[in-house]
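Trainee: sequence? don't have it. structure:
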């Protein structure tokens, strides 16, 4: 099973403000009109999206469901309400990352997109994340929710490529090396 995290962070390493606000990501000073920064290219390769609960709740505030008919698994320790309009494509799981991977692999899935700061950290800690695609936004938040937190061991990253975009976003792709 291949697992890929695709996420944006401020230059100082935050994925959201302290209150969870991510509106700064859409600032026109940083957004290249018509550019999706590789998102579509990634989504055509994946079998499902695994979202953390907080990320799922944030996505619900966007109005339109951005994932269409893509299968989405929301990781949550307690029950959550799934709106009826998306219930056919969204499920919840309280499994550990390794159990989730084993279950989805047994169903024939081969590539997952992992999204959400805490979820990415838990997949890294379980040594189950294979690829990191991080887009750095040219903004310093000064404080907020960090992309990375404490890990049980150091984790190596093999740089694969970096792309710079006209308004200053820089996207780097890394292969995660454990051991």
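Mentor: Structure received. Since this is a predicted model, take the numbers as computed values, not measurements.
Trainee: What's the separation between residue 163 and residue 109?
Mentor: Distance of residue 163 to residue 109, given as CB to CB, to the nearest Å: 28 Å. To be clear about C-beta, it is placed using only N, CA and C from the backbone, and glycine gets the same treatment.
Trainee: Over to residue 61?
Mentor: Remark: distance between residue 61 and residue 109 (CB to CB) = 28 Å.
Trainee: The two: which has the busier surroundings?
Mentor: Under the neighbour definition other CB atoms under 10 Å, residue 61 and residue 109 were set side by side, and residue 109 has more, 17 against 8.
Trainee: sec struct for the more buried one, please.
Mentor: Secondary structure, DSSP: H, G, I helix; E, B strand; the rest coil: residue 109 is coil.
Trainee: need the contact list for it.
Mentor: The contact partners of residue 109, taken as CB atoms under 8 Å, 6 or more residues apart in numbering, are 1, 47-48.
Trainee: top of those residues by neighbour count?
Mentor: residue 48 (19 neighbours).
Trainee: List the contacts of it.
Mentor: Residue 48 makes contact with 70-73, 104, 109, 112-113, according to CB under 8 Å, 6+ apart.
Trainee: doesn't residue 101 fall inside a strand?
Mentor: No. Counting by three-state DSSP, residue 101 is not part of a strand but helix.
Trainee: what's the nearest residue to it if we skip its chain neighbours?
Mentor: residue 1 (5.1 Å; CB to CB, 6 or more residues apart in numbering).
Trainee: Next, the contact list for the one you found, please.
Mentor: 101, 104-105, 109-112.
Trainee: circling back to that earlier point, residue 53: which of the contacts of residue 48 is nearest?
Mentor: Taking CB to CB as the measure, residue 53 sits nearest to residue 73 out of these, at 11.2 Å.
Trainee: Return the list of strands paired to the host helix or strand of the closest one, each annotated with direction.
Mentor: Following DSSP states H and E, one finds residue 73 within strand 72-75. Applying DSSP bridges to the sheet, strand 72-75 is found paired with strand 48-52 (parallel), strand 90-93 (parallel).
Trainee: Buried deepest among these, which one?
Mentor: Compared across these, strand 48-52 shows the largest average neighbour count, a mean of 23 (mean count of other CB atoms under 10 Å).
Trainee: what's the model's confidence in that strand, averaged?
Mentor: Averaging pLDDT along strand 48-52 yields 97.
Trainee: Which positions within the helix or strand following it qualify as buried?
Mentor: Using DSSP H and E, the helix or strand that follows strand 48-52 towards the C-terminus is helix 53-60. Residues of helix 53-60 classed as buried: 53-56, 58-59 (neighbour count, 16 or more other CB atoms under 10 Å).
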